[in-house]
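In: only geometry, no sequence info:
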């Protein structure tokens, strides 16, 4: 699980994207990004999450987001990316989703 | 309290937090003027769009190495409950590129180029013009109470 903090924007998105890619490269294919401490995300930040999602799926895994605030939900909704980055209410809900997927 | 806030900052990624700080001051001023909280359904898309245009100016207005490039951001409460933001810079003209489609297939998902699509979806009105004096001007309007 990753817990970025602070705004994810033009300044910080590259670092998050690299962390996601590194984590997946290290063998962790199922990622939960806990966004509780992220007050704001812009299109660069969304791009980083999408980059991580694609890398995770290429590796046979997935990336999920938990606890996004209202601004993050707004951006996900405006871009319709909430269809592929579905917000989970809690970290446990996101993780249990993985457990279900494993069970199937 | 004035409901107009203007900042002029270097067009650099490190300055985006100054734009966010200005938005916070603008929120407080607008709340004071309206006598109530600003509807989040208008405020969140507005701040999102302001941040996107600011990032767009930072990324594209000035060629790399042109450290002196600046941008001016004016936030104001226009009449009839309209949140307004005006951006001005003296950089290169904005050249629009094709917006990515909203593709549901993960392999096709865009990792960039979503900024202006977000702005268009967020705002009541978005206008760009290049002035005769060689400035880029962006106007962002969001009506409070509009979806």
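Out: Ah, there it is. All of these numbers come straight from a predicted model, not from anything done at the bench. Numbers count the residues shown, from 1 in each chain, chains lettered A, B, ... in the order given.
In: alpha carbons only for contacts and neighbour counts from here, please
Out: Noted.
In: and stretch A:6-15, which residues are buried?
Out: Judged by neighbour count (16 or more other C-alpha atoms under 10 Å in any protein chain shown), stretch A:6-15 contains these buried residues: A:7-14.
In: Show me the residue at the heart of chain B, geometrically.
Out: Residue closest to the mean C-alpha point of chain B, counted by C-alpha atoms, centre = their mean, is residue B:50 at 2.3 Å.
In: That residue belongs to a helix?
Out: Yes. Under DSSP: H, G, I helix; E, B strand; the rest coil, residue B:50 sits within a helix.
In: so which of the buried residues of stretch A:6-15 also contact chain B?
Out: Within the set of the buried residues of stretch A:6-15, contact with chain B (C-alpha under 8 Å from any C-alpha of the partner chain) is found for A:10-11.
In: Now flag whichever of the buried residues of stretch A:6-15 is closest to chain B.
Out: Within the buried residues of stretch A:6-15, the smallest distance to chain B is 5.5 Å, found for residue A:11 (C-alpha to the nearest C-alpha).
In: quick one: the closest one and residue B:42, what's the gap?
Out: Using C-alpha to C-alpha, to the nearest Å, residue A:11 is found at 25 Å from residue B:42.
In: ends of stretch B:128-139, how far apart?
Out: 6 Å.
In: for chain A, which helix is longest?
Out: When chain A is parsed with DSSP state H, its longest helix is helix A:43-58.
In: hmm, it touching chain B?
Out: Yes. Helix A:43-58 reaches chain B (C-alpha under 8 Å from any C-alpha) through A:43-44, A:46-48, A:50-51, A:53-54.
In: For these, which two are the farthest from each other?
Out: By the measure C-alpha to C-alpha, A:43 and A:54 form the most distant pair in the residues of helix A:43-58 next to chain B, at 16.1 Å.
In: Can you pick out the residue with more neighbours from these two?
Out: residue A:43 (28 against 21; other C-alpha atoms under 10 Å in any protein chain shown).
In: so how far is residue B:123 from the nearest residue to the more buried one once chain neighbours are set aside?
Out: Distances taken as C-alpha to C-alpha, 6 or more residues apart in numbering or on different chains place residue B:115 nearest to residue A:43, at 5.4 Å, with adjacent residues excluded. Between residue B:115 and residue B:123 the computed distance is 12 Å (C-alpha to C-alpha).
In: likewise residue A:11?
Out: The value you get for residue A:11 to residue B:123, if C-alpha to C-alpha is used, is 24 Å.
In: OK, contacts around the residue lying closest to residue A:56 once chain neighbours are set aside?
Out: Spatially, and ignoring its direct neighbours in sequence, residue A:56 is nearest to residue A:62 (5.0 Å; C-alpha to C-alpha, 6+ apart). Contacts here follow C-alpha atoms under 8 Å, 6 or more residues apart in numbering or on different chains; on that basis residue A:62 touches A:29-31, A:53, A:56.
In: can you give me the strands for the chain?
Out: Just going to use chain A. Per DSSP state E, chain A carries strands over the ranges A:30-34, A:62-66, A:87-88.
In: my bad, chain B
Out: B:4-10, B:70-78, B:82-89, B:125-130, B:136-143.
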